[in-house]
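[1] coords please:
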Amino acid sequence: MNSRYLPVIALSGFLTLGATAGEQVSKEVQTPYSEQKVVYDFYFDNPEKINAALYWIRSLMNPLMDAPYEMAPEFMEIKVVIHGTEIVTVARKNYEKYKDAVERMRYYSSLGVEFKVCGLAAQDYDYDTDAFYEFIDVVPSAITELAHWQLQGYALITPTVVEKTLSIEEIR
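    Numbering: from 1, shown residues only. Just a heads-up that it's a prediction; the model follows:
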């Protein structure tokens, strides 16, 4: 046999083996999570995107509160810094328009999540401190606030909210 064809034959056999190893499947693992310290950066070009972004908080909290972790919310330090167009969702005057988002934030606040609004953004939107709900803290600057919490060891999560153009069924 010509030796120049040997690597091709060997590679061909390797690819065949991989294709027939159908018995092997993925496995579920339980990463040993511990206390969580997270700061979310909410900065969206459309206030409606806050609804999708709030699922990012749920996606952190729910698995940790469920078995096998059964972590109480007190063991999760979660901050949300709001400084984009979504600031209008936490202005009390807009309650009817953004009621669902507000009530979800109020619920998360009852679990210990802290919501913070950028004072500079509030000024841009002509909102005074008393324009916001009782569960909102107004901080001097979103960027300074984000840097502060990261320096305290908090992981930064910046939700990316995209608009789906294909359904799961179309791409599955």
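[2] low-scoring stretches of this protein, by residue?
    Applying pLDDT under 70 to the chain flags residues 1-22.
[3] And the helices in it, which stretches?
    6-20, 49-65, 95-110, 119-124, 142-151, 168-171 (DSSP state H).
[4] Tell me which of these lies nearest to residue 135.
    When the helices of the chain are compared by C-beta to C-beta, helix 95-110 sits nearest residue 135, at 3.9 Å. In this view, the C-beta of every residue, glycine as well, is placed from N, C-alpha and C.
[5] just the angle between the closest one and helix 49-65, please?
    Interaxial angle of helix 95-110 relative to helix 49-65 (axes from the mean of the first three to the mean of the last three C-alpha atoms, to 10 degrees): 20 degrees.
[6] Just give me the neighbour total for residue 84.
    By the criterion of other C-beta atoms under 10 Å, residue 84 has 19 neighbours.
[7] cool, residue 110 as well?
    Neighbour tally, residue 110, other C-beta under 10 Å: 10.
[8] Renumber starting at 500 from here on
    New numbering, starting at 500: the last item is residue 609.
[9] My guess is residue 587 contacts residue 547. True?
    No. If you go by C-beta atoms under 8 Å, residue 587 and residue 547 don't touch, sitting 10.2 Å apart.
[10] do you know how far residue 637 is from residue 580?
    Note on residue 637: its distance to residue 580, by C-beta to C-beta, to the nearest Å, is 11 Å.
[11] can you list residues touching both of these two?
    615, 617 (C-beta atoms under 8 Å, 6 or more residues apart in numbering).
[12] Mind checking which of these two has more residues around it?
    residue 580 (26 against 17).
[13] isn't that one right up against residue 646?
    No. The criterion here is C-beta under 8 Å, and residue 580 misses it with residue 646 at 10.4 Å.
[14] quick one: contacts for the spatially most central residue of the chain?
    Nearest to the mean C-alpha position of the chain, by C-alpha atoms, centre = their mean, lies residue 555 at 3.1 Å. Shown in contact with residue 555 (C-beta under 8 Å, 6+ apart): 539, 656, 658.
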